[in-house]
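J.: Whatever this is, show me its structure:
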Amino acid sequence: MRLSDRSLVMAMCLGQLGNLLPHVAVPAIMPQHLMPLWHLSASEAGMMASAFAFGYMLAVPFLTTLTDRIDARLILLVGSCATAFATLAFGLFADGLWSATAIWGLAGIGFAGAYMPGLKALTDRLPPGDASRSITLYTSSFSFGVGLSFLVAQLTADTLGWRAAFFISGLGPFIMVAACLAMESVKPIAAQRRLLDFGPVLRNRAAMGYVLGYGAHCFELYGIRTWIVAFWAFVLARHAGWAWLSTTLVSVVFSLIAMPASILGNEAALRFGRYRALTVLMIASAAVALAIGLSVSSSPPFLVVLLLIYALTVPADSGALTSGMAMSASASHKGATMAMHTTVGFGLSAFGAWGVGAMLDLAGGPQSASGWLATFALLGASILLGPLALRWARRAVPKTA
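T.: The predicted structure is shown next:
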């Protein structure tokens, strides 16, 4: 069966929601369940949570570059199955820091065969022309999937136990398996050459600017995404009477806002110019992060407002960065460019998840206001590296880009 272009985009977005159902299962239940159960420090918990991004980073250069040689649909199919089985294995076998870290790293390796190969499978099947809106819809559905992951993991862990959260989440990737089976096969464009040939990508300064900017974005995004539940638990512990603003509610809403924010960010890039829009969005995100850090002792309603603004600024640059990378890549090196993009992004995601935990320990721990001030200052400083990367790449492209 051949899917129409619109049906293809919708099927890929739904499949991605399934692949993302396990995505933040560890960070979602970590503060209330895993850290006290296994007596983990913030640094140890950050290392465990970052194993997913680290495993992804190790596998994605090979798996995404391979899509220049074979149909990305096949890699997507295998990666989705691997994500499902590793998530189920976490629920069955994880019993401490090291086993959990190892299994969660395997889940990340599976996802390396799912996210960017999924984007390549999508773009290979779209007609020629500006595909930025389809790309942004796919990338922005990532945030909706993360919100769903937060919701399912926390509700399941609180009602059925933490292992059940992984059993249920592990079923999600099979939705993408069904989407893969509905796609027609295509042949890649690339010529025969070395598999991990990143030289042409590194020489493409226009694309590399978006790649490096995406790395800054991912450090900030995964820093807050991994630790938002712990941060809000800290806020609620200091203010009685606000229990209805639960960690589940705040983390899910924070993630769901990211989808329209990413779409609107890409529309702003199309309207006002990609460089100008991305620079403004990144500087605004740094300012909001610092404002939250300076206000960590404020009332929950005030902090919720700041977090909702942050939920808009953090992901607003994602779709514009990824679509800019995809449109700057040469056709014969698109898979390699996507591999570089996602390797840098998820490598810095791993450092973001672990770095926030390390900063918390250094600055007083997750129960201290000073720890959270230092955390948000770190997140704000990280995203300011994005405009510097874009400015460097700007010299290689026309002023209107």
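J.: in the stretch 101-250 of the chain, what spans have low per-residue confidence?
T.: 128-132, 188-197 (pLDDT under 70).
J.: ranges for the helices of it?
T.: 115-123, 132-160, 162-169, 174-182, 199-203, 205-238, 247-272 (DSSP state H, counting those that start in this stretch).
J.: got the buried residues for whichever strand or helix holds R73?
T.: Here R73, judged by DSSP states H and E, is contained in helix 72-93. For helix 72-93, a neighbour-count test (16 or more other CB atoms under 10 Å) marks 72-84, 86-91 as buried. In this view, the C-beta of every residue, glycine as well, is placed from N, C-alpha and C.
J.: and if you look at stretch 297-304?
T.: Here stretch 297-304 shows P300, L303, V304 as buried, counting by 16+ other CB under 10 Å.
J.: didn't the second one look like it was pressed against S297?
T.: In other words, L303. No. Using CB atoms under 8 Å, L303 is not in contact with S297; the gap is 9.3 Å.
J.: Return the subset of the buried residues of stretch 297-304 lying in helices.
T.: Among the buried residues of stretch 297-304, the ones falling in helices (DSSP state H) are P300, L303, V304.
J.: residue contacts, the second one?
T.: So the one you mean is L303. L303 makes contacts with V235, I292, S295, V296, as judged by CB atoms under 8 Å, 6 or more residues apart in numbering.
J.: Can you report phi and psi for the last one?
T.: Listed backbone geometry of V296 is phi -60, psi -20, with angles given as degrees, to the nearest 10.
J.: Look at it and say how many residues are nearby.
T.: 20 (other CB atoms under 10 Å).
J.: One more: the second one?
T.: Other residues within reach of I292, judged by other CB under 10 Å, total 24.
J.: Secondary structure element holding it?
T.: Going by DSSP H and E, I292 is in helix 274-294.
J.: Name the residues that touch that helix?
T.: So helix 274-294 is in contact with 213, 216-217, 220, 265, 268-269, 271, 303, 306-307, 309-310, 313-314, 316-317, 320-321, 324, 372-377, 379-381, 383-384, 386-387, 390-391, 394, 401, going by CB under 8 Å, 6+ apart.
J.: And the buried ones among these, selectable in PyMOL?
T.: In PyMOL syntax, the buried subset of these is picked out as below (16+ other CB under 10 Å):
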select buried, resi 213+216+217+220+265+268+269+303+306+307+309+310+313+314+316+317+320+321+324+372+373+374+375+376+377+379+380+383+384+386+387+390+394+401
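J.: mind listing which of the contacts of helix 274-294 are in helices?
T.: Those of the contacts of helix 274-294 lying in helices (DSSP H): 213, 216-217, 220, 265, 268-269, 271, 303, 306-307, 309-310, 313, 320-321, 324, 372-377, 379-381, 383, 386-387, 390-391, 394.
J.: Send over the helix or strand containing R6 as CSV, restricted to the C-alpha atoms.
T.: In this structure, R6 sits in helix 5-20 according to DSSP H and E. Extracted C-alpha coordinates of helix 5-20, given in CSV (Å, rounded to 0.1, in the frame of the first residue of the first chain):
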residue,chain,number,x,y,z
ASP,A,5,2.1,12.6,1.1
ARG,A,6,-0.2,13.8,3.8
SER,A,7,-0.9,10.3,5.1
LEU,A,8,2.8,9.6,5.2
VAL,A,9,3.5,12.7,7.3
MET,A,10,0.7,11.8,9.7
ALA,A,11,1.8,8.1,9.9
MET,A,12,5.3,9.2,10.7
CYS,A,13,4.2,11.6,13.4
LEU,A,14,2.0,8.9,15.0
GLY,A,15,4.8,6.4,14.8
GLN,A,16,7.2,8.8,16.4
LEU,A,17,4.8,9.3,19.3
GLY,A,18,5.0,5.6,19.8
ASN,A,19,8.8,5.5,19.6
LEU,A,20,8.9,8.4,22.1
